[in-house]
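1. Next input, structure requested:
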Amino acid sequence: MKVLRIEEIRFLTYGPNKLFDITERATRLALGVPEGVLLLQAIGSTGALLLLPRNRGVLESYEHDLWDLVETLGWRHPGNAYAHLRSTLIGTTLALPIIGGEVPLNGAGIFFLENQPAMNRRRTVVAAALATSTL
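-> Numbering: from 1, shown residues only. A predicted model of the protein is given here:
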């Protein structure tokens, strides 16, 4: 494997339970890569990365249903214990195939999930395109 491109995707979020579509910024790293892997890592311990259908109803339902995933109150660690647990359960990394210069998402999107109750939170996702063959 050879790293061809690496980029920090930076953006502002608000939350909790808000999804931010980073599909275009992430998948453009695959352009020109015949075959390989797109690796994504959310920096920090309270955000998460996931694939979801790019359908407004599905996204709104997901954001709403997250309230039931992990209770926000009653933790011995006050504050944001629930945000750490959600991040751990959902995950902070994605590894997606690159085939013919594209990431085959079949209508899905790559989303960053903000679990913290904050406005204008600066977030970073590191994205790297790796080629399985030499170019």
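2. how distant is stretch 101-116 from the center of its chain?
-> Distance, stretch centre to chain centre, for stretch 101-116: 7 Å (Cα atoms, centre = their mean, to the nearest Å).
3. need the helices for this structure, in chain order.
-> 23-27, 56-65, 81-90 (DSSP state H).
4. want to try TSV for those helices, with mean pLDDT, distance to Leu40 and mean neighbour count as columns?
-> C-betas here are computed from N, CA, C, even on glycine. Shown next, in TSV, are those (pLDDT from 0 to 100; distance: least, Cβ to Cβ, whole Å; neighbours: other Cβ atoms under 10 Å):
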stretch	mean pLDDT	distance to Leu40	mean neighbour count
helix 23-27	97	6	17
helix 56-65	93	18	12
helix 81-90	92	13	18
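5. quick one: which of these is nearest Tyr14?
-> Evaluated over the helices of the chain, closeness to Tyr14 peaks at helix 56-65, with 11.7 Å, by Cβ to Cβ.
6. Distance to Met119 for the helices of the chain - can I get that in JSON lines?
-> Below are those laid out as JSON lines (distance: least, Cβ to Cβ, whole Å):
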{"stretch": "helix 23-27", "distance to Met119": "22"}
{"stretch": "helix 56-65", "distance to Met119": "16"}
{"stretch": "helix 81-90", "distance to Met119": "15"}
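7. And those: which comes nearest Ala108?
-> helix 23-27 (8.3 Å).
8. what's the span of stretch 34-47, first residue to last?
-> 31 Å (Cα to Cα, to the nearest Å).
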